[in-house]
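**Student:** How does the following fold in three dimensions:
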Amino acid sequence: MVKCPVFYSATNLCSMLQHCSLTSMATKMLLSAMPQISKNCHLSSNPRQHKPRAFSIRMGNFTGRQYGESVFSHILDRKWVLSSLHTKVHEIVVSHGMESSEGTHNLVSFTSNLCPSLGEELREGRRWGSSFYVVRDDLLHPLISGNKARKLDALLPLMEAHLVTDVVTCGGCQSAHAAAVAVACAERGVKSHLLLRGEQPKILTGYNLISEMYGNVVYVPRSVYANRDAMLAKHANLVAGHNGSIMWFHDKVSMASIPNRDCVSQQRNCKGDSSVSATSIGKVAVVKEGGGDAVALLGLIRLIDYLAQPSVFGRKQSLQIVVDSGTGTTAVGLALGALLLRLPWKVTGVMLADTVEEYKKHEARLLSDFKKLMMGDHEFDFDENSANLVQWVDRCLPRKFGNVLKGEVELCRQIAQQTGILVDPVYTLASWEYATRTCQKSTCSNVNVVMLHTGGTLGLFGLAQRYKSYFHVLKESTVKPD
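**Tutor:** Model prediction:
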């Protein structure tokens with residue numbers, strides 16, 4: 001009898017079977033009893049062709065174990081929302097300006113290169129001096145942009161597969177996540193229920209207006225919102241009623257239940273164009289604040305796979321990916337994708353809303369939940385309690401979440417006028433400033449700095465209401481014609 005290790009790859013098993021005294025027919029019968037394994041191996045009379053693909057990865061105290069491209073392909077082999085992986089990449093050249101002791105930039109200007117040299121010619125762009133790259137995920141969708149689209153990339157097909165009729169989620173008054181869920185659900189005939197923190201504004205604008213137009217909004221007192229899980233559970237029960245059911249992604253879903261392309265196509269053929277039956281009992285899905293569920297990591301892993309293509313950044317270049325972090329889910333997903341592909345990439349999450357201890361706790365929880373997703377494959381194992389994937393850093397000028405400092409609105413306007421890229425002072429300006437500072441310090445290194453634009457620029461409308469004096473400065477500084 002052949003004794004197999006607890007964790008094994010298809011190629012390892014194929015190699016062992018080739019050396020067994022089993023007949024070819026018996027070998028094929030054994031493999032046919034294991035569809036996942038037989039899918040990834042090909043029998044050959046030459047055992048040397050079957051090289052084991054298992055490997056171990058160590059990053060800090062984190063140990064990952066997976067089995068080559070077959071496992072990664074299995075992760076990506078499913079239905080996605082985004083029909084195309086393509087996203088634009090721009091290069092931003094930074095002048096060597098002075099930086100004040102407070103961290104703000106003086107005498108710094110930016111120039112945008114819309115067609116930078118990528119792939120094997122990536123390093124040529126550095127001859128211009130300090131520069132970094134911007135992944136323009138803010139252009140993915142007119143209303144569902146940036147990391148919001150990436151998090152929903154795998155999550156929405158999962159809801160379709162489970163015939164979800166209603167979605168409950170939460171966020172701040174100007175939550176880009178809540179607005180994205182509302183728009184995405186409306187496009188698919190699913191009702192969205194949005195619990196927004198605080199009071200209803202006198203004037204609806206920005207993402208708050210989008211949420212009101214596309215979803216069913218309830219404004220929740222801050223004292224109630226503080227206990228998010230209890231708040232979400234209570235409202236989900238109200239929506240589901242006595243006969244409905246509730247689905248939490250972090251404890252009800254396994255990787256086996258996430259639909260691949262064929263599965264979703266078969267469901268649609270059986271049920272018509274809509275994946276939700278009009279006569280079915282209500283099924284309510286709960287999505288955590290900011291899309292902070294392990295399923296959301298899949299879309300970000302898919303993004304990493306695209307960025308690693310030879311025509312984009314390739315797999316050999318050393319990158320430091322910088323991303324603004326509200327909940328931190330995006331940073332964790334990017335770092336996990338880089339780990340799975342064994343890329344020499346580091347992910348830096350610029351903390352905006354919490355302490356480093358809380359971000360690390362959220363990282364550990366996401367990795368633990370992701371491990372549960374992968375358990376059905378028996379090909380992925382790591383110790384999530386000792387994970388240290390993301391480099392968590394403070395923004396250049398730390399402050400209470402949501403606050404805007406003097407001069408930041410003007411800096412956002414400068415960036416927009418000089419590069420054509422719109423950033424907001426709460427989220428994307430934080431990653432822009434950190435990428436600027438990092439590339440200025442690493443002009444002599446072999447590391448390319450890449451900023452992921454997470455979208456969220458409609459939030460500027462809400463900020464214009466809250467910080468009227470800062471935006472009045474823009475009006476007063478406008479040069480009037482003679």
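**Student:** going forward, measure contacts between C-alpha atoms and count neighbours the same way
**Tutor:** Will do.
**Student:** quick one, helices of the stretch 151-300 of the chain?
**Tutor:** All helices of the stretch 151-300 of the chain, identified by DSSP state H, counting those that start in this stretch, fall at 176-187, 206-214, 222-225, 228-240, 249-252, 261-271, 296-307.
**Student:** Likewise for the stretch 351-482 of the chain?
**Tutor:** Applying DSSP H, counting those that start in this stretch to the stretch 351-482 of the chain gives helices spanning 356-374, 408-419, 428-441, 459-466, 468-477.
**Student:** Which residues does the fourth one contact?
**Tutor:** Right, the one you point to is helix 459-466. The contact list for helix 459-466 (CA atoms under 8 Å, 6 or more residues apart in numbering) reads 174-176, 205-208, 424, 470-471.
**Student:** re earlier: of all the helices of the stretch 351-482 of the chain, which lies closest to residue 314?
**Tutor:** With CA to CA as the criterion, residue 314 lies closest to helix 428-441 of the helices of the stretch 351-482 of the chain, at 19.5 Å.
**Student:** ok, of the helices of the stretch 151-300 of the chain, where does mean pLDDT dip lowest?
**Tutor:** Mean pLDDT is lowest for helix 261-271 out of the helices of the stretch 151-300 of the chain, coming in at a mean of 45.
**Student:** returning to what we had before: to residue 231, which of the helices of the stretch 351-482 of the chain lies closest?
**Tutor:** Residue 231 lies closest, by CA to CA, to one member of these: helix 356-374, at 19.0 Å.
**Student:** Now do the buried residues in that closest one.
**Tutor:** With burial defined by 16 or more other CA atoms under 10 Å, the residues of helix 356-374 counted as buried are 359-360, 362-374.
**Student:** Using neighbour counts, pick out the buried residues of stretch 134-145.
**Tutor:** The neighbour-count check on stretch 134-145 (16+ other CA under 10 Å) flags 134-140, 143-145 as buried.
**Student:** same thing with stretch 171-186?
**Tutor:** 171-185.
**Student:** And for stretch 460-475?
**Tutor:** Buried, per 16+ other CA under 10 Å, within stretch 460-475: 460-464, 467, 470.
**Student:** Dump these into JSON lines; add pLDDT and distance to residue 77 as well.
**Tutor:** Below are the buried residues of stretch 460-475 laid out as JSON lines (pLDDT from 0 to 100; distance: CA to CA, whole Å):
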{"residue": "460", "pLDDT": "89", "distance to residue 77": "37"}
{"residue": "461", "pLDDT": "90", "distance to residue 77": "39"}
{"residue": "462", "pLDDT": "87", "distance to residue 77": "39"}
{"residue": "463", "pLDDT": "87", "distance to residue 77": "40"}
{"residue": "464", "pLDDT": "85", "distance to residue 77": "43"}
{"residue": "467", "pLDDT": "81", "distance to residue 77": "46"}
{"residue": "470", "pLDDT": "78", "distance to residue 77": "48"}
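**Student:** which one among those gets closest to residue 324?
**Tutor:** Using CA to CA, the buried residues of stretch 460-475 come closest to residue 324 at residue 460, 16.1 Å.
**Student:** With residue 239 as the reference, measure out to that closest one.
**Tutor:** Residue 460 sits 32 Å away from residue 239, going by CA to CA, to the nearest Å.
**Student:** Where does the prediction get shaky in the protein?
**Tutor:** 1-71, 96-106, 123-129, 250-281, 375-387, 442-445, 473-482 (pLDDT under 70).
**Student:** Tell me which of the helices of the stretch 351-482 of the chain sits nearest to residue 212.
**Tutor:** Nearest of these (CA to CA): helix 459-466, 13.9 Å.
**Student:** Return the distance of residue 225 relative to residue 173.
**Tutor:** From residue 225 across to residue 173, the span is 12 Å (CA to CA).
**Student:** Kindly present the helices of the stretch 351-482 of the chain as TSV, with separate columns for distance to residue 116.
**Tutor:** Output for those, formatted as TSV (distance: least, CA to CA, whole Å):
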stretch	distance to residue 116
helix 356-374	33
helix 408-419	14
helix 428-441	16
helix 459-466	29
helix 468-477	31
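**Student:** on that earlier part again, would you reformat the helices of the stretch 151-300 of the chain as TSV and include distance to residue 453?
**Tutor:** What follows is the helices of the stretch 151-300 of the chain, written out as TSV (distance: least, CA to CA, whole Å):
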stretch	distance to residue 453
helix 176-187	14
helix 206-214	17
helix 222-225	28
helix 228-240	27
helix 249-252	26
helix 261-271	28
helix 296-307	13
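**Student:** one step back: mind checking which of the helices of the stretch 351-482 of the chain is nearest residue 88?
**Tutor:** Closest approach to residue 88 among the helices of the stretch 351-482 of the chain (CA to CA): helix 408-419, 14.0 Å.
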